[in-house]
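Participant: Sequence and predicted structure below; questions after.
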Amino acid sequence: MAFDPTEPSVPISYPIKTLHELESRSYFESFHYPFNKASVPLQSGFSSSSSLPNRRRLLVCHDMAGGYGDDKWVQGGTNPDAYAIWHWHLIDVFVYFSHSLVTLPPPCWTNTAHLHGVKVLGTFITEWEEGKLVCDKLLSTKESAQMYAQRLVELALSLGFDGWLINMEVNLNPLQISNLKEFVNHLSVTMHSSLPGSLVIWYDSVTIDGQLSWQDQLNDNNKTFFDICDGIFVNYTWKEQYPSLSAAVAGDRKFDVYMGIDVFGRNTYGGGQWNVNAALDVLKKDDVSAAIFAPGWVYEIKQPPNFQTANNGWWSLVEKSWGYLRNHQKVLPFYTNFDQGRGYHFSVDGGEVSDAPWCNISCQTLQPLLDVADNVIPDAIKVLVDFKEASYGGGGNLTFKGTLNDNNCFRTRIFQGEILFGNLSVLIIYSVKSEGNSLLGLVLEFSSTADERVSILLASRGAAQFSTKYTKVIMTSQFKKQGTLPGWVIHESSISMNGYRLTEVHAVCYKSIPELNELGLESGSDCHDTISPCSSLSNYFAILGHITIKTPEHNSEFQPSNSWLVDGEHIKWTPGSQFSKNLSIKLTWKLKDGNHSIFPNYNIYVTKVPEGNDSPAGTLQPVQEFLGTAQVNFFYVSNLEVSSSTSSLRFTIQACVVDGTNQKLNDSPCFILEAKS
């Protein structure tokens, strides 16, 4: 059966394939449209949200197996090994690419990229004979060029992404060039006026005389288009001298020149693949920007030993060549549960709510750097996101395992930022699950305007042995939260650092040594000392579940359940097995005051209430099932199996705040649906 976008079904992302669809605005009539709106604004706490930094930049063009794979499932898919990117600190601009006429980025990519301060572009492409026919209509008049540009602006604004890559890979009649310039110029001007900081990037393809002739550099044949938009994505078959030649032509706009690098290595400088740094080194020397095309090569070609390891290894080549170009965020609250947007289970507040495999890049939180430096035994502790280990939230964690000397510690930087602390005290909360005498603390590195450095260790028992290493050691308050799985310990502490900037967060692994603790001794050792001959190596294992850093003004205030309007639409019952039926329903919710989107995430649950649930005390309570997460105020439940003994269903919407706090389920709004007899 042909796909009918107006019919209710599991929400998906999909492209616009024809000019008629674009012109008619039919996309906005789709059942799927409201689900495809990105909910995370570009975080202004990085560089200015209205401009790119004045330095060489990295653009990543996501061309992976034609696009719209596991990421098309707006509410999440079932593949725990789905492709993802989590190296956002190396990226400035992300382009979602496919070979359809109008490629609309799935909201999951926009959500996580925006969270990390990265701009997101869709793609408008014309190619082959079909593309020539498109251009004949698109460029037939000045008015048509403006109209289609306006349609693209509407899509970007409505779906919450930041602009467009324009790729005209067809031969044109020279008489069409004036209208092509009108299309690019009108798109750029209208995007900028509608969304400050938005981008329109031109791909090096058709020239000013209408020929499809890739120049592999910025020159007089394509500079006209460069001059009326925000940059050029140069084709990837350039020669060694072309970046410097392009920089000379660009003048003071040399950072707007993005030299292409094809990771598959198709005639690209240096061969791409595991030699991508060869091209990056040249671009670094000539101080121009880079456009990496198809980093999904690692995933598509199934590079050994596994995707997680191979992807980290490949991105390390980028990092080693160009270094860290961007810090993490600059404003509070800061929150991460290390979720990469995929996993084998899903947890909320330390309790596992689902053991089903899943993927949803919208669930990514701030990603750690995972670089290890200046440790006594560099390979003694492995640091990784281990999807099989327990999670405090989502499917992520930061696992530390290996061997560690009793008198030493292992320290690794996990975040780098520039967060200015004001005159309010700041609350730091983190969760740890560990084995034996393995302990884990955090080090917060601060700097003042006078470049004074302050290093504060937050730790539990046994940290006195490292007191000489840090400016201050603070013992955290510890408690076990009701509802969490066994082993999770919540650590809390509050500090005041008015006028200081938090520049780095480190994790510190160490052992509790009863003899030293009882005697009140300090070993004199720290993370950089040699191993004491009287100490011994032993196994170490700890999981860091989440980190929250916030001020009291960020304390969560949830509206009571009666403040919400929750409704069910498109309710459809279909036959199931002999003793069940299936339900599909679109859930919607909003506050009665009309405010639609005040929370970034929602967890959705269903409770199937059996008949006769008013039986005497002691009867088993109905189970609350986790259905998934939503980043908008809609959730579609498809073919939910309902037993014939079920009298009603209670759908619960749990609001989640940006600092990781979740509303109590008993206080969350609900929608009750009577089961159809």
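Facilitator: Looks like it came in fine. Numbers count the residues shown, from 1 in each chain.
Participant: Mind listing the residues bridging to Thr103?
Facilitator: The partner list for Thr103 in beta bridges (DSSP bridges) reads Thr123.
Participant: One more: Gly628?
Facilitator: Here Gly628 sits in beta bridges with Ile604, going by DSSP bridges.
Participant: How about the contacts made by it?
Facilitator: Under the criterion of C-beta atoms under 8 Å, 6 or more residues apart in numbering, the contact list for Gly628 reads Gln75, Gly76, Asn360, Asn603, Ile604, Phe635. The way it works is simple: take the backbone N, C-alpha and C, and place the C-beta from them, glycine included.
Participant: give me that answer again for 6 Å
Facilitator: Gln75, Gly76, Ile604 (C-beta atoms under 6 Å, 6 or more residues apart in numbering).
Participant: Check Ser425 too.
Facilitator: Applying C-beta under 6 Å, 6+ apart, the residues near Ser425 are Ser494, Ser496.
Participant: Please read off the pLDDT at the closest residue to Pro11 other than its chain neighbours from the model.
Facilitator: Counting by C-beta to C-beta, 6 or more residues apart in numbering, the nearest residue to Pro11 once its immediate chain neighbours are dropped is Phe35, at 3.7 Å. Phe35 carries a pLDDT value of 98.
Participant: Tabulate the contacts of Gly628 (CSV), appending pLDDT and distance to Leu537.
Facilitator: As requested, the contacts of Gly628 are arranged in CSV below (pLDDT from 0 to 100; distance: C-beta to C-beta, whole Å):
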residue, pLDDT, distance to Leu537
Gln75, 98, 47
Gly76, 97, 42
Ile604, 98, 47
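Participant: what about the nearest residue to Leu42 once chain neighbours are set aside, which SS state?
Facilitator: Spatial nearest neighbour of Leu42, chain neighbours left out: His114 (4.7 Å); criterion: C-beta to C-beta, 6+ apart. When classified by DSSP: H, G, I helix; E, B strand; the rest coil, His114 comes out as helix.
Participant: What is the neighbour count of His114?
Facilitator: With neighbours defined by other C-beta atoms under 10 Å, the count for His114 comes to 23.
Participant: right, and it touches Val40 too?
Facilitator: Yes - under the contact definition of C-beta atoms under 6 Å, His114 touches Val40, with a separation of 4.4 Å.
Participant: where along the stretch 301-450 of the chain do the helices fall?
Facilitator: Counting by DSSP state H, counting those that start in this stretch, the stretch 301-450 of the chain forms helices over residues 307-322, given from the N-terminal end onward.
Participant: Could you do the chain as well?
Facilitator: Taking DSSP state H as the criterion, the chain carries its helices at 19-24, 107-115, 128-138, 142-159, 177-194, 223-227, 242-250, 276-286, 297-300, 307-322, 514-519.
Participant: Name the nearest of the contacts of Gly628 relative to Ile456.
Facilitator: Using C-beta to C-beta, Gly76 is the member of those that sits closest to Ile456, with 37.9 Å.
Participant: Spatially nearest residue to that closest one (excluding sequence neighbours)?
Facilitator: Once flanking residues are discounted, Gly76 sits nearest to Asn360: 3.3 Å by C-beta to C-beta, 6+ apart.
Participant: hey, which strand is longest across the chain?
Facilitator: Using DSSP state E to define each element, the chain has its longest strand at strand 537-550.
Participant: re the thing from before, ok, the residue nearest to Pro11 - how many residues close by?
Facilitator: Summarising burial for Phe35: neighbours were counted as other C-beta under 10 Å, giving 21.
Participant: what's near enough to touch it?
Facilitator: Residues Pro11, Val74, Phe634 are the ones in contact with Phe35 under the rule C-beta under 6 Å, 6+ apart.
Participant: burial of the spatially closest residue to the second one that is not a sequence neighbour, as a residue count?
Facilitator: In space, not counting the residues next to it along the chain, Val74 is nearest to Pro11; the distance is 4.2 Å by C-beta to C-beta, 6+ apart. Neighbouring residues of Pro11 were enumerated by other C-beta under 10 Å; the total is 24.
Participant: before we move on, what about the one 4 residues further on?
Facilitator: By other C-beta under 10 Å, 20 other residues sit near Pro15.
Participant: State the distance from the spatially closest residue to it that is not a sequence neighbour to Thr123.
Facilitator: Spatially, and ignoring its direct neighbours in sequence, Pro15 is nearest to Ser100 (3.5 Å; C-beta to C-beta, 6+ apart). Ser100 is 8 Å from Thr123, where distance means C-beta to C-beta, to the nearest Å.
Participant: neighbour count winner among those two?
Facilitator: Neighbour totals were compared for Ser100 and Thr123, and Thr123 leads with 26 against 18 (other C-beta under 10 Å).
Participant: and the residue nearest to Gly76, how many neighbours does it have?
Facilitator: Neighbours of Asn360 using other C-beta under 10 Å come to 28.
Participant: Equivalent analysis for Glu352, please.
Facilitator: The burial count for Glu352: 15, using other C-beta under 10 Å.
Participant: Not counting sequence-adjacent ones, nearest residue to it?
Facilitator: Counting by C-beta to C-beta, 6+ apart, Glu352 lies nearest to His345, which is 5.4 Å off, once chain neighbours are set aside.
Participant: still on that earlier bit, which residues touch the longest strand of the chain?
Facilitator: If you take C-beta under 6 Å, 6+ apart as the criterion, strand 537-550 is touched by 332-337, 389, 392-393, 397-405, 427-431, 433-435, 438, 440, 509, 659-660.
Participant: now swap in stretch 448-463 and tell me
Facilitator: Counting by C-beta under 6 Å, 6+ apart, stretch 448-463 makes contact with 439, 441-447, 470-474, 476, 478, 493, 500, 512, 517, all of which sit outside it.
Participant: Can you turn the buried part of the residues you listed into a PyMOL selection?
Facilitator: What follows is the PyMOL syntax for the buried subset of the contacts of stretch 448-463, where burial is set by 16 or more other C-beta atoms under 10 Å:
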select buried, resi 439+441+442+443+444+445+446+470+473+474+476+493+500+512
